[in-house]
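**Student:** predicted model follows, preceded by the sequence.
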Amino acid sequence: TNLTIICQDLTLTMQGCYAPAKLRISTTLDEVENRGAKQVQNAPHSPEGVWPGPFSFVFETTLKDLLKSPSPECLRFVIMDEGSIRQGEALLEFRKNFSTKQDTPICFKVPVTYTGTVDGEQEPESFGMVGELEGVILYQNLPVFAQLVQGLWVDGQVEGGHWFMEGLPFPQCMVDPPPVWQDPTDRMGFEFLGAEQQHDENEITPVDVDDRQLAELLVHVDLPPPWEKRRERAGGRMYFFDPRSRRMTWKDPRFLPENWDQKIDPQTGKVYFQYHKTRQTTFVDPRGCPPGWDMRLSKAGDIYFAHLPAMQTTFIDPRGLPEHIEPALDDIARIYFKNHESKTTSWEDPRDGQQEVVLAKWRHVESLAWLKNQVWREVEQRQELENREEEEAETPATST
């Protein structure tokens with residue numbers, strides 16, 4: 001069947017901010033099938049990092065090929081700057097972003113990763129996640145015939161076999177649908193801020209806690225009101241619903257600093273953040289500041305950062321430093337940097353002159369460590385409360 005894949009409403013962000021770029025969009029189906037000319041869609045340079053689309057691809061293929069595993073087929077997004085220099089790549093797996101219903105919009109959010117060659121090295125090195133690409137994908141001209149994995153047709157009946165995916169047609173001779181096929185390579189992913197994170201073997205992860213454990217711990221952390229947890233019918237991925245705007249997002253509303261609230265613009269669907277003390281808003285995520293630091297908004301809406309130990313403020317963002325570097329302000333609000341490895345201090349910002357891929361890797365490592373601390377703090381507080389309740393229940397009442 002000539003299956004049609006459409007992606008639209010694309011948005012590129014880096015560290016929570018919209019990032020300027022242009023895109024080259026293709027699919028891995030072309031690389032494997034090699035049926036005619038390769039289909040490529042070019043999205044022009046956008047200063048805001050937003051592309052409404054739509055971008056369409058038409059294939060003569062089957063769902064078995066489209067949704068195969070363990071080598072999944074994908075949409076490939078190559079991110080380039082205005083000078084066409086490659087800045088990263090994002091892969092959208094069809095199998096994880098699919099619906100059996102025609103023209104059903106499926107929201108997605110995938111990491112943008114960068115791989116490059118370091119000076120003196122011959123093999124390319126992965127620098128991990130440098131941003132995120134989100135948008136909508138939908139499918140047209142889905143097959144109308146039965147979709148089974150294995151199984152035999154004997155004397156007008158089907159013996160064995162599995163339903164390829166719930167919602168697809170199955171043989172009319174069967175009274176009940178067959179069991180749904182389970183891909184043995186599927187595993188539970190770790191989701192933070194609504195995005196399914198992908199890790200390579202060189203990537204630094206939170207100490208002593210792996211992705212699966214963090215995902216299990218996150219289940220026990222409540223959402224701030226009035227946010228609601230919901231799951232997709234196809235795929236079961238969790239998303240977050242805001243009843244105020246009646247909009248959904250993959251961005252997790254938990255762990256916001258005090259005086260901050262996450263909201264969704266009902267007109268555009270974009271996530272923004274409100275600072276209650278000045279009633280100002282921003283698209284920059286206030287989370288992830290180092291210990292002792294807070295992000296704030298002035299009455300004019302300008303972003304600034306408060307260093308609580310020094311009781312001083314600065315416009316310089318303290319986030320995104322190497323693990324061993326701690327930012328601080330002196331008594332006249334000058335920022336300096338403590339190096340815990342060499343036990344020295346410096347006025348020079350280690351971020352100055354660094355490539356964006358290095359800065360993005362520092363931000364990614366820092367955000368994972370920050371997330372671990374936030375989750376553990378919530379879990380420990382919950383455990384302490386439960387322990388106190390158990391102790392109170394076991395303490396016998398004194399008689400008078």
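**Tutor:** Cool, the structure landed.
**Student:** correct me, but Trp260 touches Thr278?
**Tutor:** No: judged on CB atoms under 8 Å, Trp260 makes no contact with Thr278 at a distance of 11.3 Å. All C-beta spots, glycine's among them, are computed from the backbone N, C-alpha and C.
**Student:** give me the common contacts of the two.
**Tutor:** When contacts are counted by CB atoms under 8 Å, 6 or more residues apart in numbering, Trp260 and Thr278 have no shared neighbour.
**Student:** tell me which of those two has more neighbours.
**Tutor:** A direct count of neighbours by other CB atoms under 10 Å for Trp260 and Thr278 places Trp260 higher, at 20 against 15.
**Student:** count of residues packed around Ile137?
**Tutor:** Neighbours around Ile137, by other CB under 10 Å: 23.
**Student:** which of the helices or strands spans it?
**Tutor:** strand 125-140 (DSSP states H and E).
**Student:** list the buried ones in that strand?
**Tutor:** Using 16 or more other CB atoms under 10 Å as the test for burial, strand 125-140 gives 126-139.
**Student:** need those in TSV (columns: distance to Ala310 and pLDDT).
**Tutor:** As requested, the buried residues of strand 125-140 are exported to TSV (distance: CB to CB, whole Å; pLDDT from 0 to 100):
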residue	distance to Ala310	pLDDT
Ser126	37	62
Phe127	33	68
Gly128	32	74
Met129	32	81
Val130	31	83
Gly131	32	87
Glu132	33	91
Leu133	38	92
Glu134	37	92
Gly135	42	93
Val136	45	93
Ile137	48	92
Leu138	52	91
Tyr139	55	88
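**Student:** just put those in CSV and tack on distance to Phe55.
**Tutor:** As requested, these are exported to CSV (distance: CB to CB, whole Å):
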residue, distance to Phe55
Ser126, 27
Phe127, 27
Gly128, 27
Met129, 23
Val130, 22
Gly131, 19
Glu132, 18
Leu133, 13
Glu134, 14
Gly135, 9
Val136, 11
Ile137, 10
Leu138, 11
Tyr139, 14
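**Student:** what does stretch 273-285 contact?
**Tutor:** Taking CB under 8 Å, 6+ apart as the rule, stretch 273-285 contacts 15-18, 193, 256, 259-263, 270-272, 286, 295-301, 303.
**Student:** which among the buried residues of strand 125-140 gets closest to Ala90?
**Tutor:** Proximity of the buried residues of strand 125-140 to Ala90 (CB to CB) peaks at Leu133, which lies at 4.4 Å.
**Student:** contacting residues around the residue nearest to Arg334 when sequence neighbours are not counted?
**Tutor:** Excluding its sequence neighbours, the residue lying closest to Arg334 (CB to CB, 6 or more residues apart in numbering) is Trp347, at 7.4 Å. Residues in contact with Trp347 (CB under 8 Å, 6+ apart) are 334, 336-337.
**Student:** quick one: Val58 from Ile5, how far?
**Tutor:** For Val58, the distance to Ile5 (CB to CB, to the nearest Å) stands at 8 Å.
**Student:** settle it for me: which of these two has more neighbours?
**Tutor:** For Val58 versus Ile5, neighbours defined as other CB under 10 Å are more numerous around Ile5 (23 against 13).
**Student:** any of the contacts of stretch 273-285 buried? List them.
**Tutor:** Applying 16+ other CB under 10 Å to the contacts of stretch 273-285 flags 15-16, 18, 193, 260, 262-263, 271, 286, 295-297 as buried.
**Student:** can you give me the helices in the protein?
**Tutor:** Applying DSSP state H to the chain gives helices spanning 28-33, 63-66, 211-218, 356-394.
**Student:** compute the distance between Leu67 and Cys74, please.
**Tutor:** 11 Å.
**Student:** kindly report the same for Ala369.
**Tutor:** For Ala369 relative to Cys74 (CB to CB), the value is 29 Å.
**Student:** what does Glu48 give?
**Tutor:** 25 Å.
**Student:** closest one of the buried residues of strand 125-140 to Ile85?
**Tutor:** Val130 (13.5 Å).
**Student:** contacting residues around the closest residue to that closest one other than its chain neighbours?
**Tutor:** Excluding the flanking residues, the one nearest Val130 by CB to CB, 6+ apart is Ala360, at 3.5 Å. By CB under 8 Å, 6+ apart, the contact set of Ala360 is 14-15, 114, 127-131.
**Student:** likewise for Glu89?
**Tutor:** 76-79, 112-115.
**Student:** what distance do you get for the closest residue to Thr104 other than its chain neighbours to Ser56?
**Tutor:** Using CB to CB, 6+ apart and skipping residues adjacent in sequence, the residue nearest Thr104 is Leu138, 6.0 Å away. Plainly put, Leu138 is 10 Å away from Ser56 if you go by CB to CB.
**Student:** what touches both of the two?
**Tutor:** 5-6.
**Student:** neighbours of Tyr81, just the number please.
**Tutor:** Careful, residue 81 is Asp; it's not Tyr. 14.
**Student:** pretty sure it is touching Gln87, no?
**Tutor:** Yes: at 5.6 Å, Asp81 counts as touching Gln87 under the criterion of CB under 8 Å.
**Student:** overlap in contacts, those two.
**Tutor:** Ala21.
**Student:** in a markdown table: the contacts of Glu89, plus neighbour count, distance to Val365 and pLDDT.
**Tutor:** Below are the contacts of Glu89 laid out as a markdown table (neighbours: other CB atoms under 10 Å; distance: CB to CB, whole Å; pLDDT from 0 to 100):
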| residue | neighbour count | distance to Val365 | pLDDT |
| --- | --- | --- | --- |
| Arg76 | 16 | 26 | 92 |
| Phe77 | 25 | 24 | 94 |
| Val78 | 19 | 24 | 93 |
| Ile79 | 24 | 21 | 92 |
| Val112 | 23 | 16 | 89 |
| Thr113 | 22 | 14 | 86 |
| Tyr114 | 23 | 14 | 80 |
| Thr115 | 14 | 17 | 73 |
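**Student:** among those, which are in strands?
**Tutor:** 76-79, 112-115 (DSSP state E).
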